[in-house]
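**Q** Starting from these lines, generate the structure:
(one chain, ligands or ions: 2)
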Amino acid sequence: MTTILAIETSCDETAAAVISDGSVIRSNIVASQIDLHAQYGGVFPEVASRAHAEAISAVVGRAMSEAGIDYAELDAVAVTRGPGLVGSLLVGINFAKGLALATGLPLLGINHLEGHIYSLWLAPGFVEPPFPLLALIVSGGHSELVLMKAHGVYQRIGGTIDDAAGEAFDKVGRLLGLPFPGGPEIQRAAEKGDPRAFTFPIARTDGEYDFSFSGLKTAVMRAATVQPTGRQIKRERGEERGSALREDVNINDVAAAFQQALTEALVKTTCRAAADFDARAVLLAGGVSANRLLREKLAAALDLPVWTPPLYLCTDNAAMIGAAAHFRFRAGFCSALDFEARASWRLGEAVYVG
Ligand code: KG4
Ligand code: ZN
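**A** Ligands and ions are numbered 1, 2, ... in the order given. All right, here's what the predicted structure looks like:
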């Protein structure tokens, strides 16, 4: 049996988990900072790294004690190396390096997006489909379409050229006066609204498998808010500032139409890519994969198995990092102790060296 302690601090959750054989969750602790960031309407990097530093020791301690094991029973320590906020990543990386030094355990620096993909290996009932698999990773920071040709072998075939899908949910949520994060709030509002009340356009992109959501956000702003005068625009220049909601607008309808348009774009492009690349199954992962409409539409549109993680593994966690690390470890990969954080790191780049 291979048992790995995994640590994740790339954004606003301080997380640690103990995973055996890449699929058994022995503990999975997530300390969320959402309440700290809500007042800013988004993740405030400086606040995030301080909160990670305060929480990390207790979170890792709890992951070990809930798993009921000792450091001597571990085979490796894994940590998210990137992509993410550098100040946040460094807290996890330095803690993991310290642990590896003190225990002599091998250390693995793992790609966060690869972690999201491997959240499926932890899904109840998941049976590894034959490759190639098409992964749609949609979160607050990323929207990527990645072809997984084998364990650890990726080809990035598309992604967002501006806002990530979750970022669009969060920005539209803020526009509609909903609390942060906007995704779950918009889903709730949309369930009470009529998606046909508005028709929001989705921008075309030059890249065949790319997404663009900033135009959609602007269309929502035009439909739902009082448009500022030319003089106000000059004065404020801020995209979302100075835009009060129109009194006659039904927020639930706007949320429903927005969610409809965004999920439609994701589903159409994913279906096209799945056919063009002969994918044998589709893996939906990342925070936005919690969205019910997206799950339903994707499953209905594809003639292929569509795997989605359980809700508690959609948003950031360390269990998924442990699962990804298991397959890396099995392939003989180990990081040097002096590796650095990588703020941006696309899947498909051959960077699993050192
Ligand atoms: O994966 P994640 O925890 O963090 C990143 O790696 O970015 O994703 C967080 C994102 C947020 O933008 C949040 O609004 C979105 O996932 N989200 C949702 C839902 N639940 C979370 N978006 C749409 N519908 C949901 N039910
Ligand atoms: Zn994430």
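**Q** Show the backbone phi and psi for the closest residue to Ser20 other than its chain neighbours.
**A** Beyond its immediate neighbours in the sequence, the residue positioned closest to Ser20 (C-beta to C-beta, 6 or more residues apart in numbering) is Thr3, lying 4.7 Å away. To be clear about C-beta, it is placed using only N, CA and C from the backbone, and glycine gets the same treatment. Its backbone dihedrals place Thr3 at phi -120, psi 130, with angles given as degrees, to the nearest 10.
**Q** before we move on, what about Leu107?
**A** Listed backbone geometry of Leu107 is phi -120, psi 140, with angles given as degrees, to the nearest 10.
**Q** Ala76 is in contact with that one, correct?
**A** Yes - counting by C-beta atoms under 8 Å, Leu107 touches Ala76, with 7.1 Å between them.
**Q** shared neighbours of the two, which are they?
**A** Taking C-beta atoms under 8 Å, 6 or more residues apart in numbering as the contact definition, Leu107 and Ala76 share the neighbouring residues Cys334.
**Q** need the contact list for Val77.
**A** Listed by C-beta under 8 Å, 6+ apart, the contact set of Val77 reads Ile4, Leu5, Ala6, Ile7, Ala96, Leu99, Ala100, Thr103, Leu105, Pro106, Leu107, Leu108.
**Q** residue contacts, the residue of the stretch 1-150 of the chain found nearest ligand 2?
**A** Of all residues in the stretch 1-150 of the chain, Ser139 sits closest to ligand 2, at 4.2 Å by C-beta to the ion. For Ser139, the contacting residues are His116, Ala164, Ala165, Gly166, Gly286, Gly287, Val288, Thr315, Asp316, by C-beta under 8 Å, 6+ apart.
**Q** pretty sure the third one contacts Ser212?
**A** No - with contact taken as C-beta under 8 Å, Ala165 and Ser212 are classed as non-touching, separated by 10.9 Å.
**Q** neighbour count winner among those two?
**A** More crowded of Ala165 and Ser212, by other C-beta atoms under 10 Å: Ala165, with 28 against 19.
**Q** Backbone torsions only: list them for the more buried one.
**A** The phi and psi values for Ala165, taken as degrees, to the nearest 10, are phi -60, psi -50.
**Q** please renumber so the chain begins at 570
**A** Done: numbering now begins at 570, and the last item shifts to Ala734.
**Q** Up against ligand 1, what does the protein have?
**A** For the chain, the residues found near ligand 1 under the criterion C-beta under 6 Å from any ligand atom are 580, 708-710, 735, 738-739, 750-753, 756, 855-857, 859-860, 884-885.
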